[in-house]
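> Sequence and predicted structure, then a few things I'm wondering about:
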Amino acid sequence: MKSAALQPLSPRSAFSRKTTKRCLEMSPDGPLDQTACDREPIHIPGSIQPHGMLLVAELATGRTMGGAGDIEDCFGDDWIGRGINDLLGFDALSRTAQAPRAHEVILGKHEVGGAVLDILGHISDGYLLVELEPAGSSPITPEQSLSNLDAIAHRFEIAADTATLFQHAATDFRKLTGFDRVMIYQFMEDASGVVIAEDRNEAFPAFLNHHFPASDIPKQARALYLRNRVRAIPDATYSPAPLRWAGAGAPVLDLSDVALRSVSPIHLQYLRNMGVRASASVSIIKDGILWGLVACHNATPLEMPFAIRAAAMALGSSLARQIKAKDEAENARERLRLRAHEDRLVESLLIDAPLDEQLTAAASNLRQMMRSDGFVAISPKGMIAQSGTHPEIDDIRTLLDLVTPKLREGIFHSHEFGRTPRLPNHLISLASGIAVLRLALEEEIFLVWFRAEKVQVVEWAGNPHKNPGDTITSPLTPRASFAAWSEEVRGRSNYWNNNKIDALHRVGRVIYDSDQRQRIDRLNRALQKTLEQKEELLKQKDFLMREINHRVQNSLQLVSTFLKMQTRDIEDPSIIQHLNDARSRISAVALVHRRLYSDNHVGSVDLARYLSELSNELFLSMGEEWRSRHTSNFSPVLMDADRAINLGLIFSELITNANKYAYGGAPGPTSASLDHHFNQARLVVADSGAGKTRLTSGFGSKMLNAIIVGLGGELQETDNNPGLRIIVTVPIQFQ
């Protein structure tokens, strides 16, 4: 008997019916509006299956706010508003808070109203959802159950191959659950599915190797299979028990994690059309992806207690691990086989011969490597190499015209190329499967592998296609027929798996690297010949450069000597200073000229070495007292000779200014550093003297500023506390 204050949780029911109606409408391109089915809100049905009960309590207060099922029979009419701990007789809130995962908290077995119930908890949107369902009785102890599961897991592990593994799984799941039929159902690339193993009694016909369309399990249902690894429907003819709430303004509860959640009415009708009265499914999740399902059917109502569901979930995880292990072992064997063929390809490419001859020698190996029926290597000039059965050269060019726009990273592959609309019919038998590798060498070359058509007869559980009489407005109920329906699929070949596609990439790299090595060898031989031819010219050039350098050095020395002689006849100290400054600048130019000739980089100068040697010469003329107090820290910077000369003049000018003005002519400490960042070279000259003392600019300062502007740089004067710090920043290469 329901309390008068309770109202059904109905706000979402109309939306569900509306979505269901859309799901049943025909689409113009197929038998079902798949997107409408995918939008059905099956996670918020507003009801549960009636074989259990659901209590909804506020997490903050513990007060029971709503529920579903025959709650009054267990807890009386006054259950609404009572504390959840009081109703259950234990501290459910504390157990939930301490549980490692809130989406399913095992609260244990408890006797309620004279019946032993399995109790589970879930947290959703600030509520604690408590499921209560009858606990199954079993003569098997938990220890025996664990031992049985371990034995089954061991049988999975020692299965010789995946086919044997799947058959063991179907048999063992049927023993565990007691269902009339258990199928291992694998999802395909297009979300359709196929039964790959089956164990059954006479209650149901065989579905082994039968395919089911993707519309049978909509997208949002597949998402819930990832979240809830075991789902059970004890009776497909049940009437849903609605969620009831005290008063108005009932919330929309997400029941995604609730095992008792009511399922889509379309799915229930689907099961009834199949003759299934009870069903269960166990998710097979591999690497976080829904790989498939263990689908269980029974002709009569059959409950699947929590203990059986927990064992089935553990067994499903064990099956997924073994699928992964066996797939990885098979992949490893395939990769080893491909590597062996790659090694033989490398041996073929080591032959000292043109690439055409190398590919001819490797053609048979390349065909066997990809397990194709034919292989060709073709260029704009014509056929290079071939092996096996393949189309004529004109037909190959037609195929390449179709493929070239679809190349991605130089590769295209398809196992259903025979279904390409523009493909000539006579090529379907030879080229239903095709893999193309474009080699961007000196001459563009295409490597093409062909696979012959493999006609497939697909057995469907019922006709998956639109009936001729259906229209866009025709209502569609779930499929009523699941009788075997055969479909011949043409234009397809065996699948190019990921290992082979990876091998295609490696083949391209191996051939490209081999071609590059051959090109480098040819270039090296040509360069060697050129070097031998140029050797005499270089000797002559070296002689001329020495002669030019000798003459330039002599000329600069004559000018420097002339200036020195002039100072003897002049008494004015300022003029003498100007002449000495000019000699210093000439020395800077002469030094970089010597460095230009001696360095390996003709036309460029190691600025650090140049400034170090220039610094030595400057302080040699200033005296030991100045030299001993100077520190330098120059990072290597390579700069063209013209810019290096100008930076040397700047450095010489800054050191000379420090010598003149920093300490009133007396010796004092100075420092210089050179570093670079990206395209900028930074020269810093600092002293600890009087700081900036001159208010006017002389010839040296004007020359300094002109040089910096010409280099595209800038000069900054800062306080060195004490003294003056001058920072010159110039581009290493002029932009």
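Looks like it arrived, so ask away.
> And Thr164, which helix or strand is it part of?
Secondary structure assignment for Thr164, by DSSP states H and E: helix 162-177.
> Quick one: distance of whichever helix or strand comes after that helix to the chain centre.
Note on helix 162-177: by DSSP H and E, the next helix or strand toward the C-terminus is strand 181-187. From the chain centre to the centre of strand 181-187 is a distance of 31 Å (C-alpha atoms, centre = their mean, to the nearest Å).
> Determine the angle, from 0 to 180 degrees, between strand 181-187 and helix 162-177.
Strand 181-187 runs at 130 degrees relative to helix 162-177, counting by axes from the mean of the first three to the mean of the last three C-alpha atoms, to 10 degrees.
> Can you tell me what sits against strand 181-187?
Here strand 181-187 makes contact (C-beta atoms under 8 Å, 6 or more residues apart in numbering) with 166, 169-171, 173-174, 193-201, 203-204, 207-208, 212, 222, 284, 290-298. Where C-beta positions appear, they are placed from N, C-alpha and C, glycine not excepted.
> Return the members of these classed as buried.
166, 169-171, 173-174, 193-200, 204, 207-208, 212, 222, 284, 290-298 (16 or more other C-beta atoms under 10 Å).
> Please flag which of the residues you listed sit within helices.
The members of those that map onto helices under DSSP state H are Phe166, Ala169, Ala170, Thr171, Phe173, Arg174, Arg222.
> Please, where are all the helices along the stretch 401-550 of the chain?
Per DSSP state H, counting those that start in this stretch, the stretch 401-550 of the chain carries helices over the ranges 428-431, 498-568.
> can you tell me which of those helices the model trusts least?
For the helices of the stretch 401-550 of the chain, the weakest mean pLDDT is recorded on helix 498-568, namely a mean of 77.
> Around Ala329, count how many other residues there are.
Using other C-beta atoms under 10 Å, Ala329 is surrounded by 12 other residues.
> just to confirm, which helix or strand has it in it?
In this assignment (DSSP H and E), Ala329 forms part of helix 306-349.
> Compute the inter-axis angle for that helix and helix 162-177.
170 degrees.
> Make 891 the starting number, not 1.
Shifting the count to begin at 891 puts that one at helix 1196-1239.
> next SSE after helix 1196-1239?
Heading C-terminal from helix 1196-1239, the first helix or strand you meet, by DSSP H and E, is helix 1245-1259.
> what does that following helix rub up against?
Counting by C-beta under 8 Å, 6+ apart, 1228, 1231-1232, 1234-1235, 1238-1239, 1241, 1263-1265, 1267, 1274-1278, 1331, 1335, 1337, 1339, 1393, 1397, 1401, 1404-1405, 1408 sit against helix 1245-1259.
> And for stretch 1564-1571?
Residues outside stretch 1564-1571 that contact it (C-beta under 8 Å, 6+ apart): 1497-1498, 1501, 1523-1525, 1527, 1529, 1537, 1572-1574, 1619-1623, 1625.
> Stretch 1212-1231 now?
Contacts of stretch 1212-1231 (C-beta under 8 Å, 6+ apart): 1043, 1046-1047, 1049, 1051-1052, 1055, 1174, 1176-1177, 1181, 1255-1256, 1258-1259, 1387, 1389-1390, 1393.
> Distance of the residue nearest to Asp1089 when sequence neighbours are not counted relative to Gln1076?
Closest residue to Asp1089 apart from its sequence neighbours, by C-beta to C-beta, 6 or more residues apart in numbering: Ala1060 at 4.1 Å. In this structure, Ala1060 and Gln1076 are 12 Å apart, going by C-beta to C-beta, to the nearest Å.
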